[in-house]
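Visitor: This is a predicted model, with the sequence first.
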Amino acid sequence: MRRHFHWLIACCLAFVLTNPGRSAVALNSPPPTVTLEAGVLEGIHFGSAPNEVAFLGVPYAAAPVGELRWRPPRPVSKWAGARKATQFGAACPQLPARWLPNLIWNEDCLCLNIWTTKLSASAKQPVIVWFHGGSNKAGVSHYTPLGPALSRLGVVVVSVNYRLGPLGFLAHPALTAESEHHTSGNYGLLDQLHALKWVRENVSRFGGDPGRITVMGHSSGAVDTCLLMASPLAKGLFQGAIMQSGDCQGILNRDIRAPLAYNSITGSGEGAGERLANDLGIANEPRLLQKLRDIPADKILEVWGGDSQLSLDAVVDGWVIPEQPAKIFAEGKQLRIPVLVGSTTDEATIFVGHSGPKTVEQYRRYLLADAGKYADQEFQLYPAASDADAPGQFLQLQNDVFAYGARSMARAMTRAGQKAYLYYFSYAGRGKRAQFGAHHGEELWFLSDSFPNDWERSPDDKKFGEVMRAYWTQFAKTGDPNTANLPRWAAYDARSDQCFELGRMIRVRPVVAKLHALDSIMKQIFAETANARPQSKSH
């Protein structure tokens, strides 16, 4: 039941990049400035009100180039004079995607953006730190324009770039050998941790409260948020989490050394790194790491993209992620913080059609890779009597897997004594978009109040967006989404096993019935693999 995040990059196909150009008020107002230990930043106004300011492309770490490639992030160097923070920084290296045409990237990409409406150290507004989706191999911090819409509701919004693909998630025995922690991979997660430390140390200068930080992620950004909750390195860095259509503890994650036979995992993290080195023709070079660091990033991306069997993901490495997150959450060793978590009704409609199985034979092969000897149980739950049935059953399985993950997260956090607010987003578009239902990523349009050109707007959309933004920002403020004049959203209770439907009707409803069976299958898999890895040791 592994979430196929290599398909999920299609989620934002119709997003429109925002231009951070100066607003009319900026012509009559001096640019906002903030003084950091590294130097002075000069920002811009993003709206019509003088207090609506942003600081864009702010470096939070040194450029991960040369000898710093495939190393934990280092502090940024000081600069002289006022540094312009008026344009978004370059994206991190990635292959072209249909939903990100003509994207400019650079290895010098570790930057973040900040939106605030109270530029005062005494303001102490709650903070939302946004991690974008894109399978951890594509995407950029500002592609979902959440900053302006959410910051106007009394929060400071920060969006973060982090290393992706082979530059962000390459594990290799040679990298492990040179590491003081005896591990490799997860550089993108280390970037996120470094960014959170930067926010904790600096956000008060932008009007934020370093003691009220909520990490918010969608798709792979939600998976990363979950992984950070499983990491002892994240202790004290954030006090709440919002995970939209992604989690890490309801599945198995790739191990740095031990191959696993479930969740469509092939090989180990270090094995994938060795495969990339072989594809690059340097596997047997005596100075392999120097050769790797000398190869231009675009060449690495080209070779990686040419090997369809080469997957580079976050790994259980014994340091950043010390054990399988499923085990960490089952034992209550994750961060003890409130969470808001959920999925959409029709998650997979926008990407399954491109890569899903077309025949019963292909469908069964997928289930075998996914669930191993428990594949027949999955097939009985989502049966396909003919080839014509296979695509539809596979689609429903994928939809339900997202809902299973969200429910699993809510249950895990409730067991740990924390409040979990479980949602089920069902607000489907009309017109051309009706065929996709309430698809993966659609809720972001309401949260950002920014819609694709072919979205048929209605008065209901405006009202619903206001409701969603109120729930999300209230959660960031208090750890509870409830606010006056909105339907009450009760914390998840395993006894009633209900979720909160966010759609054209806002109501409490039972969770999807098949989620109980999916949970049973995964518990069997977890039990079988519980002791699969003590090879990666924590240091």
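Guide: That came in fine, so what should we check first? Since we're looking at a predicted model, the values are computed, not measured. Residues are numbered from 1 along each chain as shown.
Visitor: which stretches of the stretch 351-500 of the chain form strands?
Guide: Taking DSSP state E, counting those that start in this stretch, the strands of the stretch 351-500 of the chain run over residues 420-425, 498-502.
Visitor: Near Q418, how many other residues are there?
Guide: Neighbour count for Q418, taken as other C-beta atoms under 10 Å: 20. (Each C-beta comes from the backbone N, C-alpha and C, glycine too.)
Visitor: just checking, it touches I337?
Guide: Yes: Q418 lies in contact with I337 (C-beta atoms under 8 Å); the separation is 6.3 Å.
Visitor: what sits in contact with each of those two?
Guide: None of the residues lies in contact with both Q418 and I337 under the rule C-beta atoms under 8 Å, 6 or more residues apart in numbering.
Visitor: on that earlier part again, columns mean neighbour count on top of the strands of the stretch 351-500 of the chain, output as a markdown table?
Guide: Converted to a markdown table, the strands of the stretch 351-500 of the chain look like this (neighbours: other C-beta atoms under 10 Å):
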| stretch | mean neighbour count |
| --- | --- |
| strand 420-425 | 24 |
| strand 498-502 | 22 |
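Visitor: In CSV, list the ones you listed along with mean pLDDT.
Guide: Putting these into CSV (pLDDT from 0 to 100) gives the following:
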stretch, mean pLDDT
strand 420-425, 98
strand 498-502, 98
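Visitor: L110 versus D400, what's the distance?
Guide: Per C-beta to C-beta, to the nearest Å, D400 is found 37 Å from L110.
Visitor: Comparing these two, which residue is more hemmed in?
Guide: The neighbour comparison of D400 against L110 (other C-beta under 10 Å) goes to L110, with 25 against 22.
Visitor: Which residues are in contact with that one?
Guide: Residues near L110 by C-beta under 8 Å, 6+ apart: 59-64, 73, 92, 161-163, 191, 194-195.
Visitor: and the residue lying closest to it once chain neighbours are set aside, what is it in contact with?
Guide: With C-beta to C-beta, 6 or more residues apart in numbering as the criterion, L110 has its nearest non-adjacent residue at 4.2 Å, and that residue is A61. Under the criterion of C-beta under 8 Å, 6+ apart, the contact list for A61 reads 73-76, 110, 191, 194-195, 198.
Visitor: change it to 10 Å
Guide: Applying C-beta atoms under 10 Å, 6 or more residues apart in numbering, one finds that A61 lies in contact with 68, 72-76, 109-112, 161-163, 190-191, 194-195, 197-198.
Visitor: Got the phi and psi for A241?
Guide: phi -140, psi 140 (degrees, to the nearest 10).
Visitor: sorry, that was for W130
Guide: Backbone phi and psi, for W130 under degrees, to the nearest 10, turn out to be phi -100, psi 130.
Visitor: Just grab the bridge partners of it for me.
Guide: Beta-bridge pairing of W130 under DSSP bridges involves S159, M216.
Visitor: and it, how many neighbours?
Guide: Other residues lying near W130 total 24 when counted by other C-beta under 10 Å.
Visitor: Am I right that P31 is in contact with K84?
Guide: Yes: counting by C-beta atoms under 10 Å, P31 touches K84, with 8.8 Å between them.
Visitor: picking up where we left off before, in helices only, show me the contacts of L110.
Guide: Residues of the contacts of L110 located in helices (DSSP state H): 191, 194-195.
Visitor: which residue is nearest the centroid of this protein?
Guide: The central residue of the chain, meaning the one whose C-alpha is nearest the mean C-alpha position (C-alpha atoms, centre = their mean), is G221 at 0.4 Å.
Visitor: Read off the pLDDT value for it.
Guide: For G221, the model assigns a pLDDT of 98.
Visitor: May I ask which helix or strand of the protein has the lowest mean pLDDT?
Guide: Every helix and strand of the chain was ranked by mean pLDDT, DSSP states H and E. The lowest is helix 352-355, at a mean of 70.
Visitor: On the three-state scheme, D209 is what?
Guide: Applying DSSP: H, G, I helix; E, B strand; the rest coil to D209 yields a three-state assignment of strand.
Visitor: Repeat that for F55.
Guide: Per three-state DSSP, F55 ends up strand.
Visitor: circling back: out of the strands of the stretch 351-500 of the chain, which is closest to F475?
Guide: Ranking the strands of the stretch 351-500 of the chain by proximity to F475 (C-beta to C-beta) places strand 420-425 first, at 6.9 Å.
Visitor: ok so, going back, which residues are common contacts for P31 and K84?
Guide: Residues touching both P31 and K84 (C-beta under 10 Å, 6+ apart) are 41-44.
Visitor: From those, pick the one nearest F394.
Guide: Distance ranking of those against F394, using C-beta to C-beta, places I44 first at 46.4 Å.
Visitor: what's the neighbour count on the closest one?
Guide: Other residues within reach of I44, judged by other C-beta under 10 Å, total 20.
Visitor: gap between the closest residue to it other than its chain neighbours and N102?
Guide: If the residues on either side of it in the chain are set aside, I44 comes closest to T86, at 4.7 Å by C-beta to C-beta, 6+ apart. T86 sits 21 Å away from N102, taking C-beta to C-beta as the criterion.
Visitor: Of the two, which one has the most company?
Guide: When T86 and N102 are compared for neighbours, T86 comes out ahead with 18 against 6, by other C-beta under 10 Å.
Visitor: Now stretch 81-91: buried residues?
Guide: Buried residues in stretch 81-91, counting neighbours by 16 or more other C-beta atoms under 10 Å, are found at 83, 85-86, 88-91.
Visitor: So which of those residues belong to strands?
Guide: Within the buried residues of stretch 81-91, residues falling in strands by DSSP state E are R83.
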